[in-house]
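[1] Here is my input; please provide its structure:
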Amino acid sequence: MKKVFFLLLICLGVTGWAQFNFQFGGGVPQRQEPIRLGIDSQDIFLGETVTFQIQVSVDEASNDKVVIPDFPESQDYTVVAQPPATGTSSFTSIVNGKRTESRTTNTTYSYQITPKRIGQVTLPSMTIKIGSKTYRTQEVPITVRKAEKLDDLKVTMTVSNPSCYVGESVMLNWRWEIARDVKDFQFSLPVLEMDAFSYPEIEPKIDQSRRNEYLWIPLASGNRLLGHKRSGPGGSTIIEFSQPMVTKRAGEFELPSSVVICAVYDERAGRQQRRRGGWPFDDDDFPSFFGPARPTRRVSVQSDPVKFTVKELPTAGRPKSFSGIVGKCSLMTMADPLEVSVGDPIQLTLQLSGPAYLETVKLPSLTGQEDLASRFKISGEDDPGVVEGDVKKFTRILRANDANVKEIPAIEISYFDSETGKYEIARSPAIPLQVQAAKQVTAQDAEGLRVGGAVAAAPKMESEVKVREGGLVNNYSARELLVNERLKTKSLLKSPLGLAVVAGMPLIYLIVLGIGWLRSAGLSDPAAAASRRAGGRCMNMIDAAEKSNDALSGVLDALRQYLGAKLHMTGDALTFGDVQEPLKSRGVGDELLDELKDLFARCEESRYAGGGSLDGATACRRARELVKKLENLKLKP
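    The predicted structure is shown next:
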């Protein structure tokens, strides 16, 4: 999809006047206007998101401070501000042989604008202060058109449960039926911007044997969701994708329509283009070499809005131990070992199942289980749990208080059953235990003289120690048998071996001291040690990936582990969104971040969607270059 980005001149007022100054003869302006506006398009569909930008330029020598207000809110559109981007530019002029140089700091403020009604929507003017001067931008009109209804393109949005309770998880599901050729599609999902709900991130589950059936769904917000495509009736294609949603407050809601904007092939568009004169070239389809390109036009298709009801949890009958879990819930427990002594650790595994979305489910503290807490010491309460299929597993460590403990009592979790509308108890069965008293080791136990609780007779030795008055006697008492071997310093220094000993001992001491210091430094901050070794390990992983059959997946794993070590994060499932802000705060520039983002996207495309537009050798080369650049930056802690 082609986007035309153009600049709008600004009505700038500095005490009522705009000053422009040009250098005649050279045709180059002596100074650039300090504020410029930019927008993707002023003719869009309802639900489509456009990027509106304000660029402010300040001469570095002036040290002027920029004050820009928050973007005005309106009932006509929603606005999401993006982090500002800063860059520098230089300008050199030579007039009558005199050379003048200046440097300018350019800060771009970006806003994602999504209109909420059809017709003309106007982005208001804003007052911006640069130093002691005040400027006012012009208003920007946008024409918003209604989405089309096409029989061969249909979008449907549904909710797994249209009526639920606060705190309950539901799934938002989308289905796109396609019965014609399309290209360059993008979804706008305004429902994901509603503050009445939260939208937890999930790690996509991929069936590696069917990777070619997956594709990324680009969103207008810049994010993306993983979709699944399959064949539909009559040769059509069906694309489906989902997003979990957790309700935060009660009320009657209308989930806004979802919109897909794409380009479709249409001969009418070709005739209109030829009447207008057309384009001399088409970068996408190379008409100048392969013949005329198939004409396309942009269309917008939207789903119907969805009514959604969220009810408050009833206060009647709510137990004090309510866990906050809403939905069906069941609990199973396992323990190992089952035969222990008092104080021995017992690993208790709790498997919780039932809620539609388990990632946000937390296990209440077991110290609130009075029967359990009175019999056992409980530790490991900070374990967040791990989702495995349809269950979430938690691990706790128990230690029996005394030998009278015969079982691990039933664990009870109070939850709200959204189907029955009542508070229920999920109860695990008790687990039998055999607990023995802790054995106390005595000196007689150590000598092996205690058998079956009674003192055993000492075995008879061949030669027993006898008591002798006067104590022990020396084997030799004659002084003449003793040899004077007093060490003299002079004789030691004359010997090569002596010199080696005298000089070597301090050296060995220093070496041992240095090794100890290095070891203690590494142990005191293992994360810093891992960060220092991350570069070398990443290069080794890239070398291994280059020799494998799936180089792009190997490169993705290498970059995740490297960035995880550098940023002190868990690297197994890192995305570019996880590391963007930490890297930027550590001094990584926008250009390097863009390179990293592109490489992440290419590698993830290969892993999750199959294929990919990047070969393994190129991916490995780019990854090595990126790691070298990051290593040279010496990332700030």
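[2] Mind listing residues that contact the helix or strand containing residue 581?
    Secondary structure from DSSP states H and E places residue 581 in helix 576-585. Contacts with helix 576-585, where a contact means CB atoms under 8 Å, 6 or more residues apart in numbering, come from 223, 563, 567, 569, 593, 596, 597, 600, 601, 635, 636. The C-beta positions use only the backbone N, C-alpha and C, and glycine is treated the same way.
[3] can you check stretch 627-637 too?
    528, 535, 538-539, 542, 559, 562, 566-567, 583, 585-588, 592.
[4] tell me the pLDDT at residue 72?
    Looking at residue 72, its pLDDT is 90.
[5] Skip ahead from the lengthiest strand in the chain and say which helix or strand is next.
    Using DSSP state E, we find that the single longest strand of the chain is strand 98-115. Next in sequence after strand 98-115, counting helices and strands by DSSP H and E, comes strand 119-123.
[6] List the contacts of that following strand.
    In this structure, residues lying in contact with strand 119-123 by CB under 8 Å, 6+ apart are 52, 76, 77, 113, 115, 139, 140, 141, 142, 143, 144.
[7] Run the chain-centre distance for stretch 384-401.
    Put simply, stretch 384-401 sits 24 Å off its chain's centre (CA atoms, centre = their mean, to the nearest Å).
[8] Stretch 310-329 now?
    Stretch 310-329 sits 31 Å away from the centroid of its parent chain (CA atoms, centre = their mean).
[9] Flag every buried residue along that stretch.
    310, 311, 313, 322, 323, 325, 326, 327, 328, 329 (16 or more other CB atoms under 10 Å).
[10] okay, now residue 125: neighbour count?
    The number of residues packed near residue 125 is 14, by other CB atoms under 10 Å.
[11] Provide a list of residues in contact with it.
    Contacts of residue 125 (CB under 8 Å, 6+ apart): 136, 137, 138, 139.
[12] Where does it sit, in terms of helix or strand?
    Assigned by DSSP H and E, residue 125 belongs to no helix or strand.
[13] now do residue 205
    Using DSSP H and E, residue 205 falls outside every helix and strand.
[14] got the residue ranges for the helices in the stretch 501-637 of the chain?
    Per DSSP state H, counting those that start in this stretch, the stretch 501-637 of the chain has helices spanning 526-546, 551-567, 576-585, 590-604, 616-633. These are given in chain order.
[15] Average pLDDT for the second one, rounded please.
    Per-region confidence: helix 551-567 scores 86 on mean pLDDT.
[16] For that helix, name the packing helices and strands.
    Packed against helix 551-567 by the contact rule (3 or more CB pairs under 8 Å, 6 or more residues apart in numbering; DSSP states H and E) you find helix 526-546, helix 576-585, helix 590-604, helix 616-633.
[17] buried residues in the first one?
    Within helix 526-546, the residues that qualify as buried by neighbour count (16+ other CB under 10 Å) are 530, 531, 534, 535, 538, 539, 541, 542, 545, 546.
[18] Same question for the last one.
    The neighbour-count check on helix 616-633 (16+ other CB under 10 Å) flags 616, 619, 620, 622, 623, 624, 626, 627, 630, 631 as buried.
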